[in-house]
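In: Here you go, sequence then predicted model.
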Amino acid sequence: MKMSTRRSRGEKEKRANAASPGLPLRKRIKWDLAIMVFSATALFALSIIFQEKGEKAVNISWEFFKEMAFMLPAVLLLMGLFGVWVDRRMVVKYLGEGSGIGGLLLAILLGTLPTGPLYIAFPLAGMLLKKGARVANVMIFLSAWACIKLPLELMELRFLGWEFTVLRLGLTVALIIPMGLLAEAFYRRGPKAEARHAEAEL
Amino acid sequence: MSPTAIAINSFVGICLILSLFKDKEKTKAAVFIAWNALKRLAPSVLAVIAVIGLIVGFIPPKWIASSIGSESGIVGVVVAALLGSVLFIPAIIAFPLARSLLDLGAGVMAMAAFITTLTMIGFVFLPVEIKEMGKRFAFLRNGLSMAVAVIIAVIMGVVLG
């Protein structure tokens, strides 16, 4: 990824919008702002009306603000580093290969790399599915992409503790493999899939 | 600053220095990506911080305990799982939110369900998913994810609760 000038940044934004159909970037940002203004106003208004409870509320918010100020830049920097050092095309290349148990584990591993939000993963996964990648692999890849992001796990570790984090991650990895295989079995059984197979045989 | 936060910051600092050593341009690009992400996330982060204050200060803990507390059982899990699938909160700020709810008496089971469905299921993304993957795949993935989330939640609740 190149450092961009003003002009190429515009182009990049266009591309980002093309990659996320149905999710107008600007609209989302405005919603964020609206909710922020609303909740901040509510917090301060209520704190002024109910002094005692308000003091507690503002204190808690301030504590969390300090925590986030320490954590957020670090986590985002780590995601940025992953973004420039791990090529998304590499991820797709490896996912297309391997359909045994190694392929399933690889799908999880590739999914945990923070290479973008879920709506970027859909076009990638869709393309793989059309190219004939194993359904279980694609399903597992998407699930891992959705719920395990390595830098985000630092956030989970900080706020929810290692027991919660390790257990949740372990269970997730252990469960998305059977989930992928089950989904594949259901997927193949569908009438549409049969029609497709018949078509392919002709 | 907690020990975990210090460890995490040191780790990222080392990664950054290594990256800078290897390729200056790429590292600059990484910092640029992080800065953009920070700008994009800032409003949601601040909103959630204010919401945490509101919840802790003004919602009676009794309500939280009875709706998603450990005594609420499977009902609390289902409520949390549904909330997680409908809401559109970046995972990065869901963790502090879950922490504050846990402190107020929410159950581990419900919070595990909330975080898992929040990340795995996105009703906001469903149209995109259907378009790219087909209806069958999208419904299978979201439906099974819901089941997986509930299983994860129940096991976690039993082990940690």
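Out: Looks like it arrived, so ask away. Residues are numbered from 1 along each chain as shown, chains lettered A, B, ... in the order given.
In: What residue in chain A comes nearest to chain B?
Out: residue A:57 (2.5 Å; Cβ to the nearest Cβ). C-beta: built from backbone N, CA, C; applies to glycine.
In: give me the number of residues near the spatially closest residue to that residue that is not a sequence neighbour?
Out: Closest residue to residue A:57 apart from its sequence neighbours, by Cβ to Cβ, 6 or more residues apart in numbering or on different chains: residue B:57 at 2.5 Å. Using other Cβ atoms under 10 Å in any protein chain shown, residue B:57 has 21 neighbouring residues.
In: Also residue B:75?
Out: Based on other Cβ under 10 Å, the number of other residues close to residue B:75 is 13.
In: Briefly note if the helix or strand hosting it comes near chain A.
Out: Assigned by DSSP states H and E, residue B:75 belongs to helix B:73-86. No: contact between helix B:73-86 and chain A is absent, the nearest approach being 10.8 Å (criterion: Cβ under 8 Å from any Cβ of the partner chain).
In: Check which element follows that helix along the chain.
Out: Past helix B:73-86, the next helix or strand by DSSP H and E is helix B:91-103.
In: quick revisit: I'd say the residue nearest to residue A:57 and residue A:46 touch.
Out: Yes: taking Cβ atoms under 8 Å as the definition, residue B:57 is a contact partner of residue A:46 at 7.3 Å.
In: what sits in contact with each of the two?
Out: Between them, residue B:57 and residue A:46 share the neighbouring residues A:53, A:54, A:57, with contact defined by Cβ atoms under 8 Å, 6 or more residues apart in numbering or on different chains.
In: Narrow those to those in helices?
Out: A:53, A:54, A:57 (DSSP state H).
In: Excluding covalently adjacent residues, which one is nearest to the second one?
Out: Right, the one you point to is residue A:54. residue A:47 (2.8 Å).
In: Can you tell me how far that neighbour is from residue B:58?
Out: To residue B:58, residue A:47 is 9 Å away according to Cβ to Cβ, to the nearest Å.
In: Looking at these two, which one has more neighbours?
Out: Neighbours around residue A:47 and residue B:58, counted as other Cβ under 10 Å, are more numerous at residue A:47. The numbers are 22 against 16.
In: That one: what's it in contact with?
Out: A:53, A:54, A:55, A:57, A:58, B:57.
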